[in-house]
Structure formats: structure tokens, C-alpha cells
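K.L.:
With the input below, show me the fold.
(4 chains, ligands or ions: 4)
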Amino acid sequence: MTSPLLQVKNLVVEFETGDGVTRAVNNVSFDIPAGKTIGIVGESGSGKSVTSLAVMGLLQKPAARIPQGEIFFNGQDILKFNDAQMRSIRGNQISMIFQEPMTSLNPVFKVADQIAETIRIHKSVSSKEAWEKAVDLMNQVGIPSPSKSAHKYPHEMSGGQKQRVMIAMAIACEPKLLIADEPTTALDVTIQKQVLELLHKLQQEYRMSMMFITHDLGVIGDIADDVVVMYRSNVVEKNNAQEIFYTPKHPYTKGLLACRPKLGANPRRLLTVSDFMDENGVEKIITPDRVMVFDKEQEKEKSSDILLEVKNLVTQFPIKGGIFGRTVDYFKGVNDVSFQLKKGKTLGLVGESGCGKTTLGRSILRLVEPAAGSIIYSGKDITHVYGEELRLLRRKMQIIFQDPYSSLNPRMTISEILTEPLNIHRVGATKKERLDMAKELFEKVGLKVMQLNRYPHEFSGGQRQRICIARALMLRPEFVVCDESVSALDVSIQAQVLNLLLDLQEEFHLTYIFISHDLSVVNFIADEVGVMNCGKIIEMDKANNIYKNPSQDYTKALLSAIPKGEVKSNLTSLV
Amino acid sequence: MLKYIVRRLLYLIPVLLGVSFVIFVLFNLVSGDPTAVLLGKNATARQMEELREQLGLNKPLFDQYLDVVKSAFTFDFGYSWATKQQISKMIIQGAYPSLCLSLPAFIVATVLSLIISLVVSFYRGKGIDLFVRILCIAGVSVSALAYILFFQYFFAFKLGWFEISGFEFGFPDFVPYVALPAIIFILLSLGPDVRFFRTIILDEIYQDYVRTARAKGLSETVILLKHVLRNALIPIITYVVIQLPSLILGALLLENFFSIPGLGGITLNALNSSDFPVIKAMAILSSVLYIVLSLVTDILYTFADPRVKLK
Amino acid sequence: KENNFDEREINLISPEKISGFDPINASDRYSGNETGKVYEGLFEFHPLKRPYELMPNLAESLPTISVDGLTYTFKIRKKVLFHDSPAFKNGIGRELTADDIIYSIKRLADPKLNAKGWWLLDDRILGLNEWRSKHAAIEKTNYQEEVEGLKKIDDYTVQMKLKRPYPQFLYALAMPYTFIVAREAVEHYGKEFLNYPVGTGPFILPKFEQTSMITYVRNLKFREKFYPKDGEEGDDKLGLLADAGKRIPLVDQINVHIVVESQPKWLAFMKGKQDLLEVKDVNIQQSINPDKTLKDIHREKGIRLIMKPMLDVTYFAFNHEEQIFKNRKLRQAMNLAFDRAGYNRLFHENTGFEAQGPVPPGLGGYTKEFKNPFVKFDIEQAKKLLAEAGYPGGKGLPTIIVQTRADTIGRQQVEYFEKCMEKIGINIDIGTNTWPELVNKVTKKQHMMYTMAWGADYPDAENFLGLLYCPNQAPGSNGSNYCNPEFDALFKQAAIMQDAPGRTVLYEKLNEMVAVETPWIFGFHRTDIYLTQAWLKNFKHMEFNHSQFQYLNVDLEVKKQLIKKF
Amino acid sequence: MKENSLWKDSFKKLVRDKWALGSLIIVLLYGAVAVLAYFGFLAADWAKEVGASNLPPSPEHWFGTDIFGRDVFSKIIRGTQIAMSVGLVTSLIAIPIGVILGALAGYFGGWVDDLITWLYTTFSSIPNIMLLISITMILGKGIFAVYIALGATSWVTLCRLIRGEVMKHKEREYVQAASAIGGGHMRKLFRHILPNVTHIVIINTSLQFQFAIKSEVILSYLGLGVQGEPSWGTMIDDAKLELSRGVWWQLASATIAMFLVVLAFNLLGDALRDSLDPKLKGK
Ligand SMILES: Nc1ncnc2c1ncn2[C@@H]1O[C@H](COP(=O)(O)OP(=O)(O)OP(=O)(O)O)[C@@H](O)[C@H]1O
Ligand SMILES: Nc1ncnc2c1ncn2[C@@H]1O[C@H](COP(=O)(O)OP(=O)(O)OP(=O)(O)O)[C@@H](O)[C@H]1O
Ligand SMILES: [Mg+2]
Ligand SMILES: [Mg+2]
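P.N.:
Ligands and ions are numbered 1, 2, ... in the order given. Have a look, this model is predicted:
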């Protein structure tokens, strides 16, 4: 067989951190043959992104070091490349979809400009052609009304839209190798399907190879030829998808496969990898009671008093025009939404990316000012509460932002970030006490206490997401909006977090609005599900009813698009 | 936005009121009784009294203040007490040379220091970076006087590359006169500018979008010039625009040594002969400039960074 | 700009900004010099003769003065034309007449204009003050209205009546303040008049603008006026009489460069771009050797050195309203403790003359022989006197604050004074001021001591002795508020005497008597130091040189030769 | 596990950087000299005549003598006190005012912004010289007046810079996050936004210092400077008269003295700025 396009040989990456040197990647080796897709799955924080960044030669100097290892691209060791050489391959031969599109886009340029730029560098085209190509790409990745959206700035787009901009940017020059780091974390299944098809198409046309990092085994199943499993900065298993899925060897892999929430069944709790192996990777015997399954229906109503009521809520964004940027029109991010939410219940919000989920969540917490309608929280209209009152309210209502990175202050250590809410609301007597509370929660979301002194940029995407979760839960709120809060987590950690949320709900009667595009997760956690489209809630019902017999076509479409989590061979349906 | 602009322009009113008040108070503090100075060494008590009457210094303070306000809003500054010249004419005649000197110099200085600071921030921490920084500070540590005396002696007198001093109106003519002071001007402002721009730029180059830009295969220079610079724009704009009013008000030392009949000298003379109308005019002029310019900055902000909203 | 050799032009420097060309406000020497190029007065100082001597200029001859010295009758020169100007009928300058003289004097008195030069005629001419105060109230000044003291006999004769004898009157008529202007011009240009000088003078400046160079061109219609045939003896040797009898002006163009700082002045001169340089403190050392001869490097270039004592005096004034300074012995002690030699070395490069009294050499009233017993450096005697004064070793004296200008030299000079006084135990503090501040402190008597220099307005000791005349005290010129009845009585008497030996004796008496009273700490009579290029002809040091420029000449041949050396 | 924060880290990093350490030492040295001079342990006899006037540098007078034959070296020492105090105190006045007002204006916008904009516009439109003069008028001449005068005239720039930056940052998501956890305005402003604009404050301070020393020249030229005490300002000012006499040593030594300390301050500032930037870990 021909020599592989990309060849990573016992790569080691280390970082200098507040608490000494950490090894993020520990001699990792794998190959990517031309025209094939390697799926990389693994625990959050296991070194997937770092590996890919190493391939791009974009590791964060000066903190990062590569003490050992080689990376061959087309037979050349690109670690030895100088800037110019690296530049010549970046963008047009190897390109990358970064894990966190929100922060990865330049805030002051229009999105289409940023896509077009890539094209202009590597292809000799006029800027006009480039722009048109960009708009076309935006269309292909399914951004609504691309010619309009082309003029938007990143902060004016929804998470998923930004992510798709990133994707468009990466595929703009039909690269030989595409590194996709969690490219679909913010995409609802329909869009996800569309994107995956697009990638698959490109692969067919240009024999593009892909390094596809994800935690979503379903997706892996759909797209990957071979799979690499990473765990604690090591590669623990390499094999073709088939094998991985049907005869996993490493306990972690087995755990992963077992942990995914299935649409059909409704376990009380989700299993986590720790159920399959202990700390040092030794396999455990699974006691059947742990996988016991039961049906939510049997559960008697916890409570009946309404905590949150939203009436005809409208939130709009000005659309600017003219040289002096006068407001010519308004875009309704949330358009006349009404619903009720009982105490101790969870409302799952699903819907196409860009349909207004985040905006709705933010509006409820009054982080964006609603234009009309009213929000009634535990019997009190909070639509026009300000100042101190609002501040105190915030103690009870929390949000987990969709974009963890940009919601973390780059100049605060994690311990500061976590203890801050406590300081604000004078929870916990001493500094010590507060710190302990922080530590406890920090571990509950599966992070190591010794990392508390790091700064946000020193974490992996998933880790940051968990930090945000921890921050939101610090105050033991009554009501939490979780915006795509487990999107970047591998199923095991995901399960761990979901369980945590459930436990808290049990204990403290917490109430959640759970925004997610992952229907199986929603299905698992939500008592009721609301389906949003174009700023409206088009359907709302008990979870099971929705899944069993959806009334709206849009919902049907959603459900049908869920990846099966089986192997590519029978993915022909996609193509 | 238009609303905003209008509101900010309306703002001239309180500002002018404030300025004219402060100026008025200060003046009455500073130059006690101007008549003695205005009339020269042989002044007699009687004549001083007459002059005081004539200049309206015997009017009740409030009326005097009203006069100040009036001229502030009508932009009618009347005639200088000391030179008896029409002030608006003095200012126009003086602004021209001042601008001939400071405006080109300023632009060159800004662009130059932007380039330099981009380069050094690219090599941050390396030898050249340190070297340039030290150079900058050396540059600012040397007193302007030293530059002037030396340069004038060496380049104008010894080498005869430039005119020693003087000025001529009209485009190409003034060049040989302002060239040398302009160079000094640039040298003097290079130091602080580079230092400032450098920090601003450094604050940006570790953002994630820079990583993305690299991933696209952009060259470092493009990244710096386009992505980084654009994001660093807000403080740079502020910093640059702040200096503009002072350009028109002229660089006193330079103007004096190179006999450039600019506003710098006029202001100082006014102060030295307690020529209130002129001082007043200068202050009002610069406050108007200030308002307009800070309005411009704010508008530029919104262009520089779409996230900035003006309420 | 290159030197040009075909045009007969000379390049001069004005060290201060010129604010305008209105004679009645030409208070400082430099604006005087500029107005003097376009305007003329009835009289002018003889360019060569010393001591200064008046000669008729627009006046045909010296006036006839009535015996009581109150009535002056002036004959005015005929066929004197004003410069052409749109102000006149079809733009042609008309002939000057008696009316212009009267008009110009009245204009100096016009209350609406409140001229800086008014003090000169204030309370001198019969009826003029009344005219002034009358019009102060009225809206528009009426020049038609007769003034008793200013009578037009015929078109070429004017008669002026004084309130009381005013021996300096003719000097007054030679000063820029009284230069003759044309009514049409004044009225035509209104407030802009000061930028459109329309005179009768030898040079023309069509329009004045605030720039760095003023260019005058020769007045082609200038009346027949000739270079004087006689001067001070020795002038011919200096070649100052080479052009005797020639028609003036002798050059076609004068460029006056406004250069404030000393370095550019110096460099421009040393490059041969300037013909005349008034050397000030910092450049003195570069120009002359310790023995006050020109440095060779300059001599090689043919540059000439001219050093002449100025008609001025510098002093540290006491405020005599301060109790402590009423004590003569204290004042004398301080005079003795002041080491003038060192001061002269540091600040005047040894070119100053120690002042024995207020009156400078070169004026009647100054006597070579007179040595002020307290103008010498004698610590011992100073200590002795200080003790006698009641302050042994300076005990009991408050710290004395000396007010001065804030610039470097001002500061240093007082610092020096401070060090001198230290030696006898007197504490001095420096009060640095902006110019307005200083003036205000003096006029408001808010000071203990201050430093000042006084330059002559006209060559008459009265102008200096007046600085100590009680009625002149602040806000008048007597800033030290010195009062001495005896002195005042004598001064009053001398002030109204015509220039005559008798008066000189009186002046001498006054000078010496006030000198030993030491109302000030006497400083120096400074020296004017000029460098001139070899090609600049006919320049002679002159205190009141506003009318001098018409006599200057340039030798282009020499210039062509020498310029190579620059 | 030890608990640490931005500032603790940065100090650790600071002392690791040898240039920064060197600068720190220099600054401290100057400080010490200043203090000693102030209490008269150093150069107390600066005013004494030690030789003829304007002696060039020589073994016994390292920096030569001035016009009154005073030792320039001891004048420099003595001047350190004024330079340092002027530099520091004016910064201490200007920086807080500038930062706080700028931050408030940028953060709250609306009428607060209007008010503050009004304030600094008014301030900066008055000819500086005039402001300086009148302040010294009110406070009487002397070092104290100089502090106030310079402090009062130099906060504007910083104020406007901070305002601009804060306007930029307040739209960031991490600020929203702060309000989501119930952070009040003050917290958002001072705990979250300001740390992200420190670099501007720092650079401004380090420039401010040399600006202050230099303006002291102008002040003394206007006679508003420090009286009866040698200051680098006045020494540089004297040069105007001395250079043409070939007396360069006062200017030179004052300049060098200033250069060193300004350099130290700037390098220190840069180092501090770097150390405050978490992304610059480990180099
Ligand atoms: N700049 C940095 N400094 C220090 N440590 C870092 C840095 N970047 C990443 N790390 C650490 O390296 C490890 C691997 O990070 P990486 O981003 O590769 O994880 P990941 O596999 O992408 O996880 P996720 O699925 O959550 O993105 C993490 O433990 C993280 O804490
Ligand atoms: N600041 C803004 N200005 C203008 N339009 C905005 C702004 N923020 C969001 N929008 C638009 O509002 C719509 C809803 O955005 P929102 O972030 O709520 O979508 P979402 O449901 O969260 O999508 P995703 O699942 O991709 O996060 C999007 O079409 C977006 O383009
Ligand atoms: Mg990752
Ligand atoms: Mg969203």
C-alpha cells in the first residue's frame, strides 16, 4: 500500500503550567491514508485537540514543547518545517476546524470576508469571486440566507452558525487533509447530517483525508474508516470502525460504547466509564442492576407548582444599514414564545441551529433585554426588575453559556472564577471554605483539583465546558439554563455530568432548561421537550410523546436525522 | 447613530460654557491686572485706569463673563489687547505654519512608529525588540533642546542641508524650512508612540483568532497588519486622535528655534502679555476641536469594532 | 535661499515678533525700528554725532522756542510725499502738511486708541488732556475740534504750546510715537491700519503680515535727503563718511528676519546670511576674547566688532515701603557685599560697566571721576555696616525675597546675588515670575526686592533720575517707591530746565547724592556688542536707531569676495 | 494546594526575568538615593562652591561643575529626589483619576460618559501652561504645586484610552457571565474588565514618569518649577545658555540620569505587563 498521507510517530507534547509541566500527549502514533477518515475519540482532555494542533504546527508558543516525535505529511517531517514552508501547506493542504469556533473567528471582520480570505491566499482569484465562493460555501454548510448572513459579524451569529463558518473556512480550498476538531458540537442533527454529507462528498471528489475528532460515537460510526481511541493522553486502541464498534478491546472503549444514552430506553442513571474500569484502566465486572432500565412514565409527579412562566416573549436584534449604521429593521431572535415550567422539572429545547434557543435562554435570565412579553419567575414578574433585585435573583437563576471559552475571564485563575459567585453572594464563611466547595464541585465534574490554579486557556474545550457547569452550579441555584452544556464532552464524562445534574435535581428540586441538539441526551434528561424553529416554539410535549409520535414535520425530520451509531459500510444512505 | 452625533455636537454648549468659565476664572487669577503689562514701562496710573475702563475690566465680573460666553458662541474673538491685531486673522495666519510643520511630521511619525512597533512585537522578547525599546527610551530621554541645538548646528549650518531658520508660505517653498524641525518632531514622538503601540499590539497577538489566521496559511506580516492591527485599533485611534489638537496649537520650542511664525509662539506671547482675548480664543478653538475629534473617535470605534455600541 | 549679489539688499534681524506698524504703539525698541523704516518724525537723531544730537527731519529746521520755553514753532519741509496708497485720491501719495502733524499728535492722545506712547505727551500740551478726557466720554473722537496747544499757522507751519517747560519735548518729537501718519490711511484702513503702513519714509512696506521675514523696498519717490557730511571725529577713519553727501536711501531692499532664539541668529550670521548681529549673552564668549578683542576666526572673515556702552542701568531694587529698607546702612551694606566682578564675569562676560549711580555714561549728569563709595566689594565693611544697621551678622533680618523673571538667566542672576548676601549672613529667596506677574507685583508694590533693567527712552539723564522721583512711584516708573524730598525738590527744578551746562551740573549733583543713598543695589551699564559683516557699510552703534537704516549701505564687491569664506 | 492569583503569579515571573530584576534594582537604587538626599544624608552640601565655574568633568568632579562652580554630580544626586517624587506623585495622582473616570465613562456610557467627557474636554482645551500657572497661583509655588499641576494636566490621555478599551471589553461574553452570576457593576468593571486593560495603565505610567520629569523643565522655565533646589529640569534648561559656551556636562549628566531611571521604569513596566499576561507562561 502507498505511504499514508499523514503519519504521526510517537508524538509527545508538554505544557508549562502554573503547576509545573504537564504531558498533554504521550507518544501518540497513527497514520492517515490518503482519502480515508480517521476518527479520534476519547476522553475529554485526553489530548485530541493538542495532537491536531501539533499537526498544524499551531501549538501555543511559548508554553508548549514537543520534546519528541515526528509528523510526516507527504513523507516530509513538518515539525522541521520553517514558517514559510508551514504556511504554504496550511490552509490549502492541511486545514483545520477548530473546536471552539466562537473564539476562533476574528471579531472585527465580516464572516464571509474571513472565509474569502483563505481562498484569496491560496488561489489566484479576484476578491469578488472569492466573496461569491464564500457565500456559496456558507450556503453549502447550511447557513440560512447566506447572502445576508455573509455581512454579519461573528458576534451576531449563533453558535452553530459560527461553527459552520469555521467549517466553510476549512474546506474552502479543498485541502488534502482536513482536521475536524469536534466540528458538530453545536449543530442540530439535521444540519449535522447535511455537513457530514458535504464532507463525505468532498472526500469523494478530492480524495480528501480527514482526521475527525469527536466524542459522538454515532457520528464516528457514520463517517470514520478507522478509529483511534485516546485516553489520558495515550492512544489506547487503534482499529477499523467495524472492530471498534463490535469487538472493542480496551475497557475504556467498551465503556464508551456502553455509556451512550440510547433513544429507546430510559435508564434512571447513565453508566460512566468508571463503571467499567477502575482508575488504572483495569476492567470491572458489570453488575446487572447497574444497567437496569426503567421507564420515566411510572415516576409520579414530583411537584405541581409552576416555577417559570414565559408569556409571548419577543427578543429582537437591530439590523443595521446605511453608512451611519442606522437601524433599518429588526430580526426577531425569539418570536412570541410562551410556556410554563414546573418546579423540579426539566424542559428540553431542541431545534435547528440559529432558531433562537440561546437567545431565549438569555432573555429569560435578562441577559438580553426582551422587547415584549413577560417572564414570571416563582409568581413574580421579573421582566422589569433591575439593579440589586436583579442581582439577588441571579443567585437563584443560572446559565451555562454555550461558548465556555469566551465566557471565562482570561485573566482569572479557575479557583478565582469558581469562588467568585460565592464571594458575591457571601456564601461560605471563610476563603478556605469557599475553596473547598469549589474543589468538591470541580471534582464532581471530573477535573483534577491540582488544575485549579490554571488559567482558562490552559484547558481543553471539554474541560472549559465543565468549568462553566461548575461555576453555574456553585451557588446551588433553583433554576439553570444549560445551553449545549455537554456538547463537547465524551459520552462518559457527559454521562457523569448528566448524572450530576439529575442528582442535584433529586436533592434540591432543581429546575432546568436544557438546550441541546443531541436528541438522545434531551430524551434522557428532559421531562418535557420543546421544539423551536425560527424563534417560535412549534411543538411542546412530554418527551416520550414527542419522540414516539411527533406532530410537526420539522420534528419528524429532526428525529430521522439522528445518526444511527452503526458503521460506515451501511452509510450508503447518506450518499 | 445620527442621533448620537447630533447629541454629541449639542454638547459643545455645556463644554463651551465650562471652558469659558474656567478660562475666565483662571485668567482673573493668573494675570491680575493686565493693564500694567499692556501699557509698558512708562505706564501712568491714570492711563492704566483709562485702559481698564476701556477693556471693560471695571464691569461687574458677571458681565465680563457674559462677554466671554458671547464670544465663545459667536466665535467673534475681536482684537488682541497686546498686538491690536484681529484675532481670527492671527490664528489663521499662525495655524498655517504650525500645521505645515506638525501635520506631516505627525503623520510620518505615527505611520513610522506603527511599522516599527509591528516589527518589534513580531520579534517580541528577542534582541532587536529590546534594542529598539532601549533606543526609544533613549530618544525620549534626550531633551528636545539638545536635538534642536545640535541638529540646527550640524545639519543646517555645517552641512547646509536645510535652512537654518525662517518660513515661507506656499507649498514647496516651506519644505526646506520645516524639514529639519519636522525630523526632530518625529524623533521626539517616535519613542512614546512605539512604546505604546507595541503594548497594544502585543495584547492582541495571543488571541485565538490569530491562530485561526495562521491556520489559513496567512504570513505573519499579513496577520499583524490586517488581523491584529485591526483589533488593536481602538486604543490606537484614541491615542492618535488625542494628539491632533495639540498639532494646531503648535510646538512652541521648535517654532521658536526655527522662527516658524506658528500658533505656539502666539499663545506664549499672549500669556506673557496677559492678552486675554487671544488666550480665550485659543482655548475655545481647542475645545471645539476636542469635541469634534472625540466624537470622531467614538464613531471610529464603532467602525473599528462592530461590538461597540454607541448609546 | 542663496545670497544674491545683484540686488543692493541688506539682511537684518529683529529678535522679537513685530506686532504691527502703528507708531503710537511702537513702544519697544524693535517695533520702533520697523516703524522707523516707513514713518518719519519731525526730528531725528544724527546718525553719526555723539553725544546724540537732534537734527530736523520732516521739520525744515529746529523750531523757534519762545523765551518762556512754552511755545514752539515748527517749519515743515515742503514736497514731502506720503507713499502711494489706495487710501489717497487715485492712489497717489499726497504732500505732507501741517494738518498731518497735528492729526498725528492728536491721534497719540486719542482716548479710544489709548496709545502706549501717550505718557510722552501726557499733561504736556495745552488743552490736549482736556481734549482727550472730553472724547473719552463721546462716542466718536472728533479731530476737527481745535486743541489750544496745537495750532496750524499755515500749511507748512505748526505752533505748539506747552503747559509748562518740557525740555525733552523735541526728543519726544523724534520718537516713533510721534511719527507722522496720514489721516486718509488711518480712516481708510480702520482697525487694519497697523498692517498697511503708509508713511513718508525712505522704505515702503505695502502690507504687513505676521511672518518670519519683513521685506522693505526703497521708496522711489523719497524726497531729496542726503547722507550727513560730518560726524564724530574718527568716523571718517572708520569709513563712515565714505557716502557723505550721497542721496539716501543707499540700498534697494531691506529684509528683516524675525529670529527669537540666539543660536539661529548666530548661525545665520556666521553663514553670511545676515549682515548685522546684536550679540547677546550666550554668544558673547564665542565672539570676543577675554581682552574684548574680536576672535581671529571671525576677523579672517572680515567681520567687524562694535562695542559701545548702552544707555541703560540694571539694578536690584528695594521696596522702600518695607520698613527694613528705610535703613540706609542696611542698603549700603548689601551694596558692598555684592561682588560685581564675579557677576560681570558670569553674566556679561566682563563687558559691563559697574554702575556708580543711576545715570549711565554718555549722558550729561554722568561723571567719570565719581566713584560710589558703596559700589565696591568689601565684605568687612559690609559686615560692619550691617552691624551698625542693627543686624549684626544678619541677625534679626527676615528672609528677603527677590522677585525676578523666570527665565534661566533671571534665575541664575538672583542665585548669584543670594550667594553674595549669604557671605554677610543675609538670607535671600528667589521669587521667579512670569513677566505679567513681575510687572503686577511691582505696580502693586507687592515685593521686597526685584531686579530690573532700564533703557533710555531719550538721551537725557532725567529719564533715569526719574526712576527715583517720588511722584513716579508705582504704578509709575519708580518701582522701588523711593522717596527723598531733597532729591525730589532738585529733580523738579532740573526737569523743567532747558539743556544747558547748569542743568548738567544739577543732574550730576542729583546722581551723586542719590548714589550714596543707595536706593538700589546698583548693577551695571551694559554694553551693546555688534558684529557686522565687512560688506555692511555705515553702521554705527546707535541707541535710538529707528531712523538709522536709511543710511546703511552694502558693498556687493566685498560680499562677493568674502562670502566664499563662509 | 496553594491558592494563587494573577498578581501572585506575575510577581514570581517578574523576579525570574533578569532584565526586570535589574530594572527593579535600578529603580530602588534611585529611590534610595532620593530618600537619602531628601533627609540630607546625600549631597547636602550641593550648594557649596567646590571649584571654578564650568569646569569640565575631571577625577575630582566626575560631572564637572556648573556656572557657580557647584559640583554637578551632587546636583544630580540632589535632583534625583525631585525627579523621583515628581514622577511618582504625579503618576499617583494622574493614574487613579484617569483610570477610574475612564472606566466609569466607558462602562456606563450615557450621562456618566457625557459628564466625564465634558470634564476632560474642558480640562484639555485650556492651554496647559495656563492651567499650570494658575494651579501654582492657587497653591503657591513649590514642589507640591508642581505635583498637582502635572497630575491634573496628565490624566486626560489615560482617561480617554481606558474609556475606549472599556467600551470594547464591556460587550465581551465573560462580562455577561459575570452578571449572570450576579456580579454588580463595580465588580464587573474593576474585577473583570480592568485586569484586561492593565497593559494600557502600565505603559501609560511608565511614559507618564518621563513626561513628568520633562515637564518639570517647562515648569521651571515658566518659573513655576521647584525653587532653590537643583532639579534635572533646571539643569537641562540651563543647557540652553551653556551649550554654546561648550558646556555640555550638565545636560549630559542630567540626561543620562533621567535615561537610566526612565529606561528602568519602562523595562519594568514591560516585564510587569508580560507577567500579567497569563498566555505568556514559561519562556
Ligand atoms: N495551553 C495549555 N497549557 C496547559 N495545558 C494545556 C494547554 N492546552 C491543553 N492543555 C492540557 O492538555 C490536555 C489535552 O488537551 P486537549 O485540548 O487536547 O484535550 P481534548 O482531547 O481536545 O479534550 P476535549 O475533547 O475536551 O477537547 C488537557 O488536559 C489540557 O488541560
Ligand atoms: N447580536 C446579534 N445580532 C444580530 N443577530 C443575532 C445576534 N445574536 C444572535 N443573532 C441571530 O439570532 C438567531 C438566534 O441565535 P441563537 O444564538 O439564539 O441561535 P441558537 O438557537 O442558539 O443556535 P445554536 O444552536 O447554533 O446556538 C440567529 O439567527 C443569529 O443569527
Ligand atoms: Mg479538544
Ligand atoms: Mg446557541
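K.L.:
Which parts of the stretch 151-300 of chain A are strands?
P.N.:
Secondary structure of the stretch 151-300 of chain A by DSSP state E, counting those that start in this stretch: the strands cover A:177-181, A:209-213, A:226-231, A:234-240.
K.L.:
For C:Val442, find the nearest of those.
P.N.:
strand A:177-181 (81.7 Å; C-beta to C-beta). In this view, the C-beta of every residue, glycine as well, is placed from N, C-alpha and C.
K.L.:
at contact distance from ligand 3, anything in that closest one?
P.N.:
No. Judged by C-beta under 5 Å from the ion, strand A:177-181 stays clear of ligand 3, getting no closer than 5.6 Å.
K.L.:
relative orientation of that strand and strand A:209-213 in degrees?
P.N.:
10 degrees (axes from the mean of the first three to the mean of the last three C-alpha atoms, to 10 degrees).
K.L.:
now the helices: where do they sit in the stretch 51-200 of chain A?
P.N.:
A:83-89, A:101-104, A:111-122, A:127-140, A:146-149, A:159-171, A:189-206 (DSSP state H, counting those that start in this stretch).
K.L.:
now those helices as TSV including distance to ligand 4 and mean pLDDT?
P.N.:
Formatted as TSV, those follow (distance: least, C-beta to the ion, whole Å; pLDDT from 0 to 100):
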stretch	distance to ligand 4	mean pLDDT
helix A:83-89	34	85
helix A:101-104	10	82
helix A:111-122	16	90
helix A:127-140	18	91
helix A:146-149	15	89
helix A:159-171	4	90
helix A:189-206	12	86
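K.L.:
Just tell me which of those helices ends up closest to C:Asp84.
P.N.:
helix A:127-140 (66.0 Å).
K.L.:
Quick check: buried residues in that closest one?
P.N.:
A:Ala130, A:Trp131, A:Glu132, A:Lys133, A:Ala134, A:Val135, A:Leu137, A:Met138, A:Asn139, A:Gln140 (16 or more other C-beta atoms under 10 Å in any protein chain shown).
K.L.:
burial measure for the closest residue in space to the second one that isn't next to it in sequence, as a count.
P.N.:
Using C-beta to C-beta, 6 or more residues apart in numbering or on different chains and skipping residues adjacent in sequence, the residue nearest A:Trp131 is A:Ala116, 4.9 Å away. The criterion is other C-beta atoms under 10 Å in any protein chain shown. On that basis, A:Ala116 has 26 neighbouring residues.
K.L.:
Isn't A:Ala116 up against A:Lys123?
P.N.:
No. The pair A:Ala116 / A:Lys123 is not scored as a contact, 10.4 Å apart, by C-beta atoms under 8 Å.
K.L.:
anything in contact with each of those two?
P.N.:
Shared contacts of A:Ala116 and A:Lys123, defined by C-beta atoms under 8 Å, 6 or more residues apart in numbering or on different chains, are found at A:Ala130.
K.L.:
Dihedrals phi and psi, C:Ile258?
P.N.:
phi -90, psi 110 (degrees, to the nearest 10).
K.L.:
A:Phe401 versus the residue in chain D that ligand 4 sits nearest to, what's the distance?
P.N.:
Closest to ligand 4 within chain D is D:Glu173: 12.0 Å, counting by C-beta to the ion. Taking C-beta to C-beta, to the nearest Å as the measure, D:Glu173 and A:Phe401 are separated by 7 Å.
K.L.:
Grab the nearest non-local neighbour of whichever residue of the stretch 201-311 of chain B sits closest to chain A.
P.N.:
When scored by C-beta to the nearest C-beta, the stretch 201-311 of chain B has B:Gly217 as its residue closest to chain A, at 3.2 Å. Leaving aside its sequence neighbours, B:Gly217 sits nearest to A:Gly91 (C-beta to C-beta, 6+ apart; 3.2 Å).
K.L.:
contacting residues around that neighbour?
P.N.:
A:Thr118, A:Ile121, A:His122, A:Cys173, A:Pro175, B:Ala215, B:Lys216, B:Gly217, B:Leu218.
K.L.:
excluding its backbone neighbours, what's nearest the fifth one?
P.N.:
In this structure, A:Pro175 finds its nearest non-sequential neighbour in A:Ser95, 4.2 Å apart by C-beta to C-beta, 6+ apart.
K.L.:
Tell me the confidence at the one you found?
P.N.:
Looking at A:Ser95, its pLDDT reads 91.
K.L.:
and if you look at D:Asp237?
P.N.:
79.
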